[in-house]
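Chemist: What follows is a predicted protein model with its sequence.
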Amino acid sequence: MSVKDRLLEATASLMRCHGVAGTSLSDILSTSGVARRSIYLNFPDGKSELVTEATRASGAIITQTIEGILDSPDPISAFSDMWVEVLTSTEFDAGCPVVAAALGRADAPSAADLAGDIFDQWHELVRDRMVDDGIDTDTAKSLAITIVSAIEGAVIASQAQHSTRPLTEVAIRLRELVALHLSAVPALD
């Protein structure tokens, strides 16, 4: 793994657990095992640039995961189950690095802006799946925003409560909501 990749991975990992403000350069160096000068050689603008690029890399990985999940018969459960696994395997310490970036505007405004763009990509992916299932585009867009926001909010609540119940409950209600809209789709003859 290159020095740059080690820095990005360490930064994303720390952001998931401590947020942007709680992720210090010394922690990044300690976690990545690289020399201090490596940060500025790879990221001349320092922590803000590093956080932005870690957000971009993490967003790309999660976007690929979502693309795979959307191919499953029950994508809402698959998305929820993915987060249950992440949370339980990290003892509820590691959340979404894109959410961390969104909340870290004071320390890394470009990462927060990028987080907004990544959320838009996720909305579009979910919308496209629902349109493919026959839901009209406007309704599908609204449902996509609701689904992504509800799941990401449930991840935060699950972390706060050290319980997967928020994710489980949200997934149940989201499946019901989507089912209501799918039942309104005219049957093909």
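Modeler: On my side now, so go ahead.
Chemist: from the chain's centre, how far out does stretch 52-69 sit?
Modeler: With CA atoms, centre = their mean, to the nearest Å as the basis, stretch 52-69 stands 7 Å off its chain's centre.
Chemist: In PDB, list the C-alpha atoms belonging to that stretch.
Modeler: What follows is stretch 52-69 as a C-alpha-only set of coordinates in PDB (Å, rounded to 0.1, in the frame of the first residue of the first chain):
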ATOM      1  CA  THR A  52     -11.300  15.800   1.700                       C
ATOM      2  CA  GLU A  53      -9.500  13.100  -0.100                       C
ATOM      3  CA  ALA A  54     -10.300  10.500   2.600                       C
ATOM      4  CA  THR A  55     -13.900  11.500   2.200                       C
ATOM      5  CA  ARG A  56     -13.700  11.100  -1.600                       C
ATOM      6  CA  ALA A  57     -12.000   7.600  -1.300                       C
ATOM      7  CA  SER A  58     -14.500   6.500   1.400                       C
ATOM      8  CA  GLY A  59     -17.400   7.800  -0.600                       C
ATOM      9  CA  ALA A  60     -16.300   5.800  -3.700                       C
ATOM     10  CA  ILE A  61     -16.000   2.600  -1.700                       C
ATOM     11  CA  ILE A  62     -19.400   3.100  -0.100                       C
ATOM     12  CA  THR A  63     -20.900   4.000  -3.500                       C
ATOM     13  CA  GLN A  64     -19.700   0.700  -4.900                       C
ATOM     14  CA  THR A  65     -21.100  -1.100  -2.000                       C
ATOM     15  CA  ILE A  66     -24.500   0.600  -2.500                       C
ATOM     16  CA  GLU A  67     -24.400  -0.300  -6.200                       C
ATOM     17  CA  GLY A  68     -24.000  -3.900  -5.200                       C
ATOM     18  CA  ILE A  69     -26.700  -3.700  -2.500                       C
END
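Chemist: In that stretch, which residues are buried?
Modeler: By neighbour count on 16 or more other CB atoms under 10 Å, the buried set for stretch 52-69 is 52, 53, 54, 55, 56, 57, 58, 59, 62, 66, 69. All C-beta spots, glycine's among them, are computed from the backbone N, C-alpha and C.
Chemist: any idea which helix or strand carries the fourth one?
Modeler: Assignment of secondary structure by DSSP states H and E places residue 55 within helix 47-69.
Chemist: Which strands and helices lie in contact with that helix?
Modeler: Helix 47-69 sits against helix 3-18, helix 25-32, helix 36-42, helix 75-89, helix 97-103, helix 109-132, with contacts defined as 3 or more CB pairs under 8 Å, 6 or more residues apart in numbering; DSSP states H and E.
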